[in-house]
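Q: Just need the structure, nothing else, for what follows:
(chains A and B)
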There are 2 protein chains.
Amino acid sequence: MKIGILGGGQLGRMMALAGYPFNLRFSFYDAAKDCPSAPLGELYGDAQATQASLDAFIASADVFTYEFENIPVAWVEYIAQHKPVYPSVKSLAVSQNRIREKALFKQLNIPAAAYREVYSQDDLQQAVTALGLPLVVKTTMGGYDGKGQFVIRQPEQIAQAWSELQAGAPLIAEAFVSFKRELSMIAVRGQEGTTLCYPLAWNTHHQGILSHSIVPAPQVSPAIQAQAEQYITQILHELNHVGVLTLELFETDNGLYANETAPRVHNSGHWSIEGAVCSQFENHMRAVAGLPLGVTDPIRASAMVNIIGQHPRTEAILAIPETHLHLYGKTERVGRKLGHITVTAPSYEALQTRIAAIAQELPNKMALV
Amino acid sequence: MKIGILGGGQLGRMMALAGYPFNLRFSFYDAAKDCPSAPLGELYGDAQATQASLDAFIASADVFTYEFENIPVAWVEYIAQHKPVYPSVKSLAVSQNRIREKALFKQLNIPAAAYREVYSQDDLQQAVTALGLPLVVKTTMGGYDGKGQFVIRQPEQIAQAWSELQAGAPLIAEAFVSFKRELSMIAVRGQEGTTLCYPLAWNTHHQGILSHSIVPAPQVSPAIQAQAEQYITQILHELNHVGVLTLELFETDNGLYANETAPRVHNSGHWSIEGAVCSQFENHMRAVAGLPLGVTDPIRASAMVNIIGQHPRTEAILAIPETHLHLYGKTERVGRKLGHITVTAPSYEALQTRIAAIAQELPNKMALV
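A: Residues are numbered from 1 along each chain as shown, chains lettered A, B, ... in the order given. I've put the predicted structure just below:
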């Protein structure tokens, strides 16, 4: 079976590495000839994203998926007219639009920040009045890693926020959620509707980019894990989702609040390559290929540390016990995700020692120190 | 860094899958255009094994290794004149020649079956007299999976054994070792001389081909594990070996007897992909690339089950908890290794239940029932 993946970044690369063992083959749609997935399959796509290039891509594989959500829904609809695509068009359309996403949370009674849709500076003014300050303003579509966001802390910033983001209107204005920490849950749903959830990850960001995750998140009660599993399972079924889905959550004094979803494998799930019985990548491939899902249990305490902008010395990282290095074949650039390190340990204490050793070797330590 | 691998079979394929994450790239020397490794790198080689094809291969990579030992020592010597090759020519020359291998065991005081070199039918007659019956006769070079062997049980069979094997002379005649079970140890040595050993595997064969392995081998005392580690570590250092090496052992009433070595990753180490912190494939790649070695500790009870001749249904295998399927992209043929299944479990009891479920789904159950 050949899987066609829209996008040839590191997520596609890791999907392919997970799928080769059960004889999947791959084609990728990406205009960059040197994209991270390029060595692992056939590459389609051109800078103009012509119809002809999409048709050739569709002809190249049996089943399709995507590795990032900032792609035109029309493309996925077009592919779906010819071949199976997982996750569904609905999953993509909801996840890439913050207004639809928030409406879904509301519909499913999943707690989330109060919000207003914003089509004008006047709407933004009214949102400040209704929801108070600070107020988080985001573009409805296209933002990631902290881009396309503005936090209004003083009323004088309203005009500036509108001016900076109005090209991305409609905007969404969200009440500020005072949270203790950020958690995320990765789950997978098979073609027959079976669902499995990974343990909650504790995520720490630095300047809007994920710095590191610790899994299973320490000090999570079984009730909190069960609550998150209930939320994500509702979302998976409601979207008739097939494949991996990610739910980012805020842990607050009033319980969990949903922040956003991603209809795909996620940076906060990379620990699962070595830390879980079956990784998020293998499970996504199993789901897309119509195969039974793999066990999502964690093997031991794990951490994922992102490599941003500059590479560490490979030999220094691999000298730290139980580390694995995952590089994406990219050149260095400020703020660019170049790879990640996973590390496991028999206890959280031992894990912290190893994370500290990793921090010492990383040129860009992000939030590790 | 680009690694050149002599041979493009399943071992090369799994080396490549283990090496991509730390940005290794690959070229393979194999005349078969559809060999298992073909999708994962550049392919060199032709059916005539011309000098030009070997030169092009040498030009294509920075460091070289091999994935099977039945290759001319002269090729590896030739590569070594231009680029680094690991394991060394010495490792290859000893492992591919049973007489040199037995001499090495003797030199290092590692217990092994008594043996005689056999250059004629008369020598064979004398070996029977000296070592008794049954007597195991093998070609010095080239045998694997039970090929190139003859067990003489009656004196009348001497002429037949000589007649069948004389094309592979000199032969080696070994006293029959009455063993309780077959064990193997996988170990790795880095470029700086560091060594690490995996736990002993318990191997069961069927008609000369490995059927399945259970790791860590149950009922192995720490003293037996330590003894095997001492033997393999002596061999690694004596050969100045870099990379993975395998030592097959007989467990007897008088302790461990060395059977043979392989200067490479081994079928009885495939469990380590999911069952150890760092797999034999990743460790071989780390060693060849001059990087620190990874932790060889087992994560939990593991089994490896070979898929011989006919494929099972993928969905039936993956429905069994904690299974992973590793297919090599080969077509079906009697006696051919098409892939393997790894399975892990929290206890040996649970592992046995899962192995039984796998056996039920395998068209060729080998020694599983």
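Q: going forward, measure contacts and count neighbours with C-alpha atoms only.
A: Fine.
Q: Closest approach to chain B from the stretch 201-350 of chain A, which residue is it?
A: As assessed by C-alpha to the nearest C-alpha, chain B sits closest to A:H326 within the stretch 201-350 of chain A, at 4.5 Å.
Q: what's the neighbour count on that residue?
A: 22 (other C-alpha atoms under 10 Å in any protein chain shown).
Q: tell me the secondary structure for it?
A: Under DSSP: H, G, I helix; E, B strand; the rest coil, A:H326 falls in the strand class.
Q: In contact with it: list those residues for me.
A: Listed by C-alpha atoms under 8 Å, 6 or more residues apart in numbering or on different chains, the contact set of A:H326 reads A:339-342, B:21-23.
Q: And the pLDDT for the residue nearest to it when sequence neighbours are not counted?
A: Excluding the flanking residues, the one nearest A:H326 by C-alpha to C-alpha, 6 or more residues apart in numbering or on different chains is B:P21, at 4.5 Å. For B:P21, the model assigns a pLDDT of 98.
Q: Looks like B:P21 contacts A:H340 (just checking).
A: No: counting by C-alpha atoms under 8 Å, B:P21 stays clear of A:H340, with 9.7 Å between them.
Q: Which parts of chain A are helices?
A: In chain A, the helices defined using DSSP state H lie at A:10-19, A:51-60, A:73-82, A:89-95, A:98-107, A:121-131, A:158-165, A:222-238, A:272-275, A:280-288, A:314-318, A:348-361.
Q: packing partners for the longest one?
A: So that's helix A:222-238. On a contact count with 3 or more C-alpha pairs under 8 Å, 6 or more residues apart in numbering or on different chains; DSSP states H and E, helix A:222-238 meets strand A:181-189, strand A:195-197, strand A:243-252, strand A:255-262.
Q: Pull up the overlap in contacts between B:P21 and A:H340.
A: Both B:P21 and A:H340 are contacted by A:325-327, under the criterion C-alpha under 8 Å, 6+ apart.
Q: With mean pLDDT, mean neighbour count and distance to chain B as new columns, can the helices and strands packed on helix A:222-238 be given to me in JSON lines?
A: Formatted as JSON lines, those follow (pLDDT from 0 to 100; neighbours: other C-alpha atoms under 10 Å in any protein chain shown; distance: least, C-alpha to the nearest C-alpha, whole Å):
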{"stretch": "strand A:181-189", "mean pLDDT": "98", "mean neighbour count": "25", "distance to chain B": "14"}
{"stretch": "strand A:195-197", "mean pLDDT": "98", "mean neighbour count": "21", "distance to chain B": "13"}
{"stretch": "strand A:243-252", "mean pLDDT": "98", "mean neighbour count": "24", "distance to chain B": "16"}
{"stretch": "strand A:255-262", "mean pLDDT": "96", "mean neighbour count": "20", "distance to chain B": "24"}
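Q: Out of these, flag the one nearest A:T233.
A: strand A:195-197 (6.9 Å; C-alpha to C-alpha).
Q: got the contact list for A:P263?
A: Here A:P263 is in contact with A:69, A:87, A:91-92, A:95, A:244-246 (criterion: C-alpha under 8 Å, 6+ apart).
Q: what about A:E69, neighbour count?
A: 21.
Q: tell me the contacts of it?
A: Contacts of A:E69 (C-alpha under 8 Å, 6+ apart): A:92, A:95-96, A:262-264.
Q: Good, we can wrap up now.
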